[in-house]
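J.: below is the sequence, then the predicted model.
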Amino acid sequence: MLLDWMRKVHQLEYAHCFQSISFSKLERRTGIWAFILSTIVAFTYRFPFIDKTWIKDYILPLILFIVAILTGYQSFIRPGEKAEKHRELGIEYERIRHQIETILTTLLDNPKLDDHINLVKNRWDSMKTMYVKESHYNDAKKKVKSFNKYPKELDFLPDNK
């Protein structure tokens, strides 16, 4: 059972790390595009050699509208904050995994084994989890499976046949 928990925790650890990286990249890309587009607009007003009025009347306002959407997205959706929360959750899952590793390597013969297991369960149950994209979870599952360290999922349950 502990190995199954450890596998699940390991998967969630990686899933949250992947989600954090995804939000960080999204924030960076959004900021870079907002900067590039606003710089282009700023320089077109500085250099009056653009003699096509449709560019100044339609294209530049459209670009500014896109910049407003990108910066509004960063302000209200806050991908950077979400990235940090997922990073912290990944670290917390890592701590739980290390706690399970300690139980498996040093405390199996301890008379208070059940107490240690309950501590892990309570810590895991009290966590405030967040949604991760299914693709990140599946990538994490593949990564953990590639370690070849864990038994098959729910393998500790006896078959009732």
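T.: Arrived safely, thanks for sending. Residues are numbered from 1 along each chain as shown.

J.: show the contacting residues for the residue nearest to the spatial centre of the chain.
T.: Nearest to the mean C-alpha position of the chain, counting by Cα atoms, centre = their mean, stands Q19 at 1.8 Å. Counting by Cβ atoms under 8 Å, 6 or more residues apart in numbering, Q19 touches 83, 86, 130, 132-133, 136. For glycine as for every other residue, the C-beta is placed from the backbone atoms N, C-alpha and C.

J.: among those, which one has the most neighbours?
T.: Counting by other Cβ atoms under 10 Å, H86 has the largest number of neighbours within these, with 24 neighbours.

J.: correct me if wrong: it contacts Y14.
T.: No. H86 lies out of contact with Y14 (Cβ atoms under 8 Å); the separation is 11.1 Å.

J.: could you point out the longest helix in this structure?
T.: Longest helix in the chain by number of residues (criterion: DSSP state H): helix 2-46.

J.: any idea which helix or strand comes after that helix?
T.: As assigned by DSSP states H and E, the chain's next helix or strand after helix 2-46 is helix 53-54.

J.: most remote residue from the protein's center?
T.: The centre of the chain is farthest from one residue, D51, which by Cα atoms, centre = their mean lies 47.1 Å away.
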